[in-house]
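the following block contains a protein sequence and its predicted model.
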Amino acid sequence: MFLAWNEMKNNKLRFMLIVGVLTLVSYLVFFLSGLANGLESLNKEAVLKWDADGIILTEESDVNLPQSSLKLDDYDGHGTDEYAVLGQMNAIATSGELKSNVSIFGIKNDEFIMPDVIEGEAFTDTGEVIADDSLKEEGFEIGDELELSATDETLIITGFTEDAKFNAAPVLYGSLETLEQLRMNSTVNGFVIRTDNLDDVPVSEKLQVIPTQTFIENMPGYSEQSLTLAFMIYFLFIISAVILAIFLYVLTIQKISIFGVMKAQGISSGYLAKSVVAQTFLLALAGVIIGLALTITTGFFLPAAVPVAFNALDLFIYGIVLVLVSVLGALFSVQTIVKIDPLKAIGG
Amino acid sequence: MALIQLKNVNKVFPTGKAEIQALKPTNFTGEAGELIAIIGPSGSGKSTFLTIAGGLQTPTNGEVIINGKDITELKEKQRAKIRLEEIGFVLQSSNLVPFLSVQQQMKLLDQVKKNNLSPEKREQVYLSLGIQELMTSFPSELSGGQRQRVAIAKALYTDPSIILADEPTASLDSERAFEVMEMLRKVTTDNKKTTIVVTHDTRLIDYCDKVYRITDGTLHQEMASLTS
Ligand SMILES: Nc1ncnc2c1ncn2[C@@H]1O[C@H](COP(=O)(O)OP(=O)(O)OP(=O)(O)O)[C@@H](O)[C@H]1O
Ligand SMILES: [Mg+2]
């Protein structure tokens, strides 16, 4: 540590450059992880809010909620602690100048998927809905009459709830009757269930029980999006390892004769190697911490519309991985140090 | 007591077709308290002799015995340990770490080895080398001669039983060169070390107990000391 620390102290610019590069890489990693998180919750927020273990859909729906068409009496709650009926349709809601993609949920207001109302009143009559509060941010208000695409019926907002996005669209919750009126039929799309053991839920042959996680992963575009972002993050890990490996390798090559002289004097390769690893560790740690600070600062200034949500655990894990991966990059130089022949270095 | 012994040591470098006999079979003993000079023309094998004696390279044949221990067959890791514990090198080129101040050069040695010189002895060494004012300077801020004096201080710092110096006075003016030799003379006698100095400067031979000359890889002892 003595050697590592003093070298950095006496070559500040050189090492600040390395920290700078690592800062940018970790900033990018943290930001992407926030973006991945944010985009994921846009898709699944409303589903997570159910706090359910699974959902019953038709076999032929291919785990796609709109494609699953059920009758109310297809399932009677056998084998589950609780269940809730769900009908769902997508639409475009317009109120004056305002226009938004929405996902309309038809539910029973005495069942567990009924959300908490944070402002206004719950729906009671047919045609009344409560809306995700992101619509409020867009300018929709309680009492607004919503015209819908694909139907002449209108809906009235009676209240707002929070964290209710499904497949990136804000959710409007209304009664089953409301949905029936919009769709002009009395089918529903699924039964949301709570149970300790999904395997024990007895359903008829044309139905299937889907765990919540599988349901989320099968949402259109969800897995593709998550995978893309995860891939970018993993790629950044490799990039940071390679960048650091190259930097350190160049520095090591420059110092071959110095290392050689120290080895001639009897300072062990192990000590010198440890010094390089310690140096890398400090550099990576500094880069990651500054990157984290930048990320958090940026988070404060981001407009709400940007779907970035930082998750402390993710940031922590990615930070650690970045440091580890950087240290891995240093091992490349360690090998070079071990191979240095002190005799060559001293000349004469 | 013999601190260092070379028994039938030779070194052959296979270069292309012809082999270079850098050191022909050589026997050598350095006793405690002896200051020994090695002289000889360029390319005669002086550095080869010194680096084999110091465990920096292994001989082609023969044995190198340091403080009673045969180091010939040791692995580099163990030889490094012997170098650290037993040998102080003053190299032909500067052996300072560029990003450490003079003081930190010494501290580095404290990091890797215990039982270095006591603070009083250190001060003595710094004083006689005239570097006590340079402790916070970096190598790039020192003159060639100052660097060489720091390098000598560094070699003495670990209190080795054997000091091997390759042209230690090459970049010093003659006054400093004599001072350095006087100091090597003193630590060698006072602390019962064996010091081997490779030099071109025959005036320095006066300080030595024995003088060896190498010509074409063959080591001969000269007539006792040249002056006495
Ligand atoms: N690694 C090596 N490979 C091949 N030949 C070598 C090697 N090292 C030394 N030699 C040869 O061995 C001979 C002795 O070299 P050495 O370095 O011991 O000379 P020297 O007496 O120290 O010379 P100088 O006074 O110039 O330092 C030279 O002919 C040199 O070319
Ligand atoms: Mg030489």
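Sure thing, it's come through. Ligands and ions are numbered 1, 2, ... in the order given.

return the set of buried residues in the host helix or strand of residue A:158.
Applying DSSP states H and E as the criterion places residue A:158 in strand A:154-161. Across strand A:154-161, burial judged by 16 or more other C-beta atoms under 10 Å in any protein chain shown covers A:155, A:156, A:157, A:158, A:159, A:160, A:161. Any C-beta I mention is one placed from the backbone N, CA and C, and that applies to glycine too.

so is the helix or strand harbouring residue A:335 next to chain B?
For residue A:335, the host element (DSSP H and E) is helix A:312-339. No: using C-beta under 8 Å from any C-beta of the partner chain, helix A:312-339 stays clear of chain B, coming no nearer than 9.5 Å.

residue A:222: what's its closest spatial neighbour, skipping adjacent residues?
Nearest non-adjacent residue to residue A:222, counting by C-beta to C-beta, 6 or more residues apart in numbering or on different chains: residue A:43, 5.1 Å away.

so who does the one you found touch?
A:165, A:166, A:167, A:168, A:216, A:219, A:221, A:222, A:225 (C-beta atoms under 8 Å, 6 or more residues apart in numbering or on different chains).

out of those residues, which end up buried?
Among these, those classed as buried by 16+ other C-beta under 10 Å are A:165, A:166, A:167, A:168, A:216, A:219, A:222, A:225.

just give me the residue closest to the centre of chain A.
Closest to where the C-alpha atoms of chain A average out (C-alpha atoms, centre = their mean) is residue A:37, at 1.8 Å.

can you state the direction angle for the helix or strand where that one lies and strand A:154-161?
Mapping residue A:37 onto the secondary structure by DSSP H and E places it in helix A:12-50. Relative orientation of helix A:12-50 versus strand A:154-161 (axes from the mean of the first three to the mean of the last three C-alpha atoms, to 10 degrees): 120 degrees.

and the helix holding residue A:335, what other elements does it pack with?
For helix A:312-339, the packing partners by 3 or more C-beta pairs under 8 Å, 6 or more residues apart in numbering or on different chains; DSSP states H and E come out as helix A:12-50, helix A:222-254, helix A:269-301.

buried residues in the first one?
Spelled out, it's helix A:12-50. A:15, A:18-19, A:21-47, A:49-50.

ok, back up a step: adding mean pLDDT and distance to residue A:175, write the helices and strands packed on helix A:312-339 out as a markdown table.
Shown next, in a markdown table, are these (pLDDT from 0 to 100; distance: least, C-beta to C-beta, whole Å):
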| stretch | mean pLDDT | distance to residue A:175 |
| --- | --- | --- |
| helix A:12-50 | 91 | 17 |
| helix A:222-254 | 89 | 28 |
| helix A:269-301 | 93 | 38 |
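
out of the ones you listed, flag the one nearest residue B:84.
Taking C-beta to C-beta as the criterion, helix A:269-301 is the member of the helices and strands packed on helix A:312-339 that comes nearest to residue B:84, at 10.0 Å.

tell me how far that closest one lies from the chain's centre.
Distance of helix A:269-301 from the chain centroid (C-alpha atoms, centre = their mean, to the nearest Å) equals 24 Å.

ok, now stretch A:49-65?
How far stretch A:49-65 lies from its chain's middle: 21 Å, per C-alpha atoms, centre = their mean.

need the residues that contact it.
The contact list for stretch A:49-65 (C-beta under 8 Å, 6+ apart) reads A:67-70, A:75, A:83-84, A:86, A:88, A:112-113, A:115, A:163-164, A:189-196, A:198, A:201, A:203, A:205-212, A:214-215, A:218, A:220.

next, count neighbours for residue 5.
By default, I'm working from chain A. Neighbour count for residue A:5, taken as other C-beta atoms under 10 Å in any protein chain shown: 13.

chain B, not that one
Residue B:5 has 19 nearby residues by other C-beta under 10 Å.

quick one: residue A:103 is in a strand?
Yes: counting by DSSP: H, G, I helix; E, B strand; the rest coil, residue A:103 falls inside a strand.

can you tell me the residue of the stretch 101-250 of chain A closest to ligand 1?
Nearest residue of the stretch 101-250 of chain A to ligand 1 (C-beta to the nearest ligand atom) works out as residue A:249 at 25.5 Å.

could you measure from that residue over to residue A:337?
11 Å (C-beta to C-beta, to the nearest Å).

pull the CA atoms of stretch B:136-153 into CSV?
The C-alpha coordinates for stretch B:136-153 follow below in CSV (Å, rounded to 0.1, in the frame of the first residue of the first chain):
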residue,chain,number,x,y,z
THR,B,136,12.5,15.2,1.0
SER,B,137,13.8,15.5,-2.6
PHE,B,138,12.8,13.2,-5.4
PRO,B,139,15.5,11.5,-7.6
SER,B,140,14.7,13.8,-10.5
GLU,B,141,15.7,16.7,-8.3
LEU,B,142,19.1,15.3,-7.5
SER,B,143,22.4,15.5,-9.4
GLY,B,144,24.0,12.3,-10.6
GLY,B,145,26.4,12.3,-7.7
GLN,B,146,23.7,12.9,-5.2
ARG,B,147,21.7,10.1,-6.6
GLN,B,148,24.6,7.8,-6.3
ARG,B,149,25.1,8.8,-2.7
VAL,B,150,21.5,8.1,-1.9
ALA,B,151,21.8,4.7,-3.7
ILE,B,152,24.7,3.9,-1.4
ALA,B,153,22.7,5.0,1.7
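
buried set for that stretch?
B:137-139, B:142, B:145-153.

grab the two from the residues you listed that are most spread out in space.
Of all the pairs that these form, the one spanning the most space (C-beta to C-beta) is B:138 and B:152, at 17.7 Å.

not counting sequence-adjacent ones, nearest residue to residue A:178?
residue A:126 (5.1 Å).

give me the pLDDT for the most centrally placed residue in chain B.
The C-alpha lying nearest the average C-alpha coordinate of chain B belongs to residue B:164 (C-alpha atoms, centre = their mean; 1.3 Å). Listed pLDDT for residue B:164 reads 94.

next one: residue B:226
In this model, residue B:226 carries a pLDDT of 48.

what packs against the worst-scoring helix or strand of chain B on mean pLDDT?
Ranking every helix and strand in chain B by mean pLDDT, DSSP states H and E puts helix B:174-190 at the bottom, with a mean of 86. Contacts defined by 3+ C-beta pairs under 8 Å, 6+ apart place helix B:174-190 against strand B:35-39, helix B:119-129, helix B:144-157, strand B:162-166, strand B:194-198.
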